[in-house]
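**Student:** Need a 3D model of the sequence below.
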Amino acid sequence: MSRPDNCPDAPTVNQALPDISLTRLDGSLTTLDRFGGQVLLVVNLASRCGFTPQYAGLQALFERYGERGFQVLGFPCNDFAAQEPGSAEEIQAFCTANYGVGFPLFAKVCINGAARHPLYEFLIAAQPQATAPAGSDLRAKLAEFGVLPERESDVLWNFEKFLVDRNGRVVGRFTPDTAPDDAALIAAIEAALA
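**Tutor:** As a prediction, the model looks like this:
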C-alpha cells in the first residue's frame, strides 16, 4: 500500500508531536500547538459502540486533572463497524446530552488505512503497540468476528487511547478495553503530569 501524499514521513519515537492542523467539531480550525505544554489523552470516539460509556470516564479524567494541565482530545471516527455515523451536530448533541462532555471534540477522522489522519500517522509510528489490561480478550473477540485491523500496529477499535507528555512525546498507548479509571492509565497520566 502506498503512503498518502498528505501524510508526513514516519517519525522516530523520540520526536515531539508536530504542530498539526485540526478541525473542531463545530468546524473551526485550530492546531495542536494550542495544546502545547499540556498532557494529552488522544482518543478515537464513537457513539454506537460497546465502549461508548467510556465518555463518562473520560469526562471524569478531564475534570479531575484539567487544572493540572491535562486535556482529553476526542476524535470521532466511523472506521470501526460504522459506529459513528452521525453528523457533527448529532455527535455534539449526543455527547452533551448523555455525558456532559466538556473536553475538546474534533471533526471525524480516519484512523486506519490510506486516508489516515496525520495525527494518527504520528501517534501510531511513535507508539506502535498498545498496552492491554490484564486478561484482555478484545483482540481474540475481534478476530472471531473477522474485524481485526490490517496491520498489527493499527488502532484496534474505538476508544484506543494515546498519552502524550508535556513535551509532545507519546508516552503510552492503551487498548480500547482499558477503562478511563484503569490503574495503569491513571498511573501513566499522573507520571506525565508530575
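**Student:** Mind checking which residue lies nearest the centre of this protein?
**Tutor:** residue 43 (2.0 Å; Cα atoms, centre = their mean).
**Student:** And that residue, how close does it get to residue 146?
**Tutor:** 25 Å (Cβ to Cβ, to the nearest Å). For the C-beta atoms, the positions are set from N, CA and C on the backbone; glycine is no exception.
**Student:** cool, and residue 56?
**Tutor:** Taking Cβ to Cβ, one finds residue 56 at 30 Å from residue 146.
**Student:** More neighbours: which of those two?
**Tutor:** residue 56 (14 against 6; other Cβ atoms under 10 Å).
**Student:** Give me the distance between the residue nearest to the more buried one when sequence neighbours are not counted and residue 144.
**Tutor:** Nearest non-adjacent residue to residue 56, counting by Cβ to Cβ, 6 or more residues apart in numbering: residue 99, 5.3 Å away. As judged by Cβ to Cβ, residue 99 and residue 144 stand 29 Å apart.
**Student:** Of the two, which one has the most company?
**Tutor:** Neighbours per residue, other Cβ under 10 Å: of residue 99 and residue 144, the larger number sits with residue 99, 18 against 10.
**Student:** Identify each of the helices in this structure and give its residue range.
**Tutor:** In the chain, the helices defined using DSSP state H lie at 54-65, 88-99, 118-126, 138-144, 183-193.
**Student:** deepest of those, which one?
**Tutor:** helix 118-126 (a mean of 22; mean count of other Cβ atoms under 10 Å).
**Student:** which secondary structure elements does that one contact?
**Tutor:** If contacts are counted by 3 or more Cβ pairs under 8 Å, 6 or more residues apart in numbering; DSSP states H and E, helix 118-126 sits against strand 39-45, strand 170-174.
**Student:** Quick one, which of these gets closest to residue 84.
**Tutor:** strand 39-45 (6.9 Å; Cβ to Cβ).
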